[in-house]
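Enquirer: only geometry, no sequence info:
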């Protein structure tokens, strides 16, 4: 009788170990998929930026430095190798794109150019998709990290070398500040 109890306990522990391992693998793959979704949207953004720069280059003859900064920030973001590095480079790219859009407001011809307006709309839409993809990534990465760190699945995680997933976070503390709005004319 004692042998059957020991075998039952061993079977339950083994089944639990299999379940915990499979759950961690599932969550790890969801994290990888979440990153790939961000990557797809970033690729779309990286493809749109040169088109926008080329479309406005002729109108913005005196803003060549800004246009060069946009392309340089795009190229640096394209070369990011980790989630943290991507977050930092993406923040820099968003900043120079914001400056470009602000400068474009000074050029009435650009506001009327349908090609430029369409590119701006596509970039804005892509930015929204990137934000949603980052949120999804952070959600699944957090679930994975919690499963990896909580008892008793942390035993399986340590045993099989499951590494923590890095979260996509604000890289520049200035981004946390509330924007200043001045409605005074």
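Expert: In hand now; what should we look at? Predicted model only: the values in this text are computed from it and were never measured.

Enquirer: just want the most central residue of the protein.
Expert: With the centre of the chain defined as its mean C-alpha position, the nearest residue by Cα atoms, centre = their mean is residue 134, 4.1 Å away.

Enquirer: now do the SS call for the nearest residue to that residue once chain neighbours are set aside.
Expert: Spatially, and ignoring its direct neighbours in sequence, residue 134 is nearest to residue 168 (4.7 Å; Cβ to Cβ, 6 or more residues apart in numbering). Quick note: C-beta positions are derived from backbone N, CA and C, even for glycine. Each residue gets one of three states, and residue 168 gets coil by DSSP: H, G, I helix; E, B strand; the rest coil.

Enquirer: surely residue 168 and residue 87 touch.
Expert: Yes. Counting by Cβ atoms under 8 Å, residue 168 does reach residue 87; the two are 5.2 Å apart.

Enquirer: right, and the helix or strand after the helix or strand where the residue nearest to the centre of the chain lies?
Expert: Per DSSP states H and E, residue 134 falls inside helix 114-149. Per DSSP H and E, helix 114-149 leads on to helix 153-160 as the next helix or strand towards the C-terminus.

Enquirer: what's that following helix in contact with?
Expert: Counting by Cβ atoms under 8 Å, 6 or more residues apart in numbering, the neighbours of helix 153-160 from elsewhere in the structure are 17, 20, 21, 23, 24, 147, 148, 149, 162.

Enquirer: again, 10 Å this time
Expert: Residues outside helix 153-160 that contact it (Cβ atoms under 10 Å, 6 or more residues apart in numbering) are 16-25, 27-28, 144-150, 162-164.

Enquirer: so that helix versus helix 114-149, what angle?
Expert: Going by axes from the mean of the first three to the mean of the last three Cα atoms, to 10 degrees, helix 153-160 is angled at 100 degrees with respect to helix 114-149.

Enquirer: what about helix 153-160, average pLDDT?
Expert: Model confidence over helix 153-160 averages 95 on the pLDDT scale.

Enquirer: repeat for stretch 47-61
Expert: Average pLDDT, stretch 47-61: 85.

Enquirer: report the buried residues of that stretch.
Expert: 48, 49, 52, 53, 55, 56, 60 (16 or more other Cβ atoms under 10 Å).

Enquirer: in a markdown table, list those residues along with distance to residue 67 and secondary structure.
Expert: Output for the buried residues of stretch 47-61, formatted as a markdown table (distance: Cβ to Cβ, whole Å; DSSP: H, G, I helix; E, B strand; the rest coil):
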| residue | distance to residue 67 | secondary structure |
| --- | --- | --- |
| 48 | 14 | helix |
| 49 | 10 | helix |
| 52 | 9 | helix |
| 53 | 5 | helix |
| 55 | 11 | helix |
| 56 | 7 | helix |
| 60 | 7 | coil |
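
Enquirer: got those residues as TSV, with distance to residue 12 columns?
Expert: Formatted as TSV, the buried residues of stretch 47-61 follow (distance: Cβ to Cβ, whole Å):
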residue	distance to residue 12
48	54
49	56
52	60
53	62
55	65
56	66
60	69
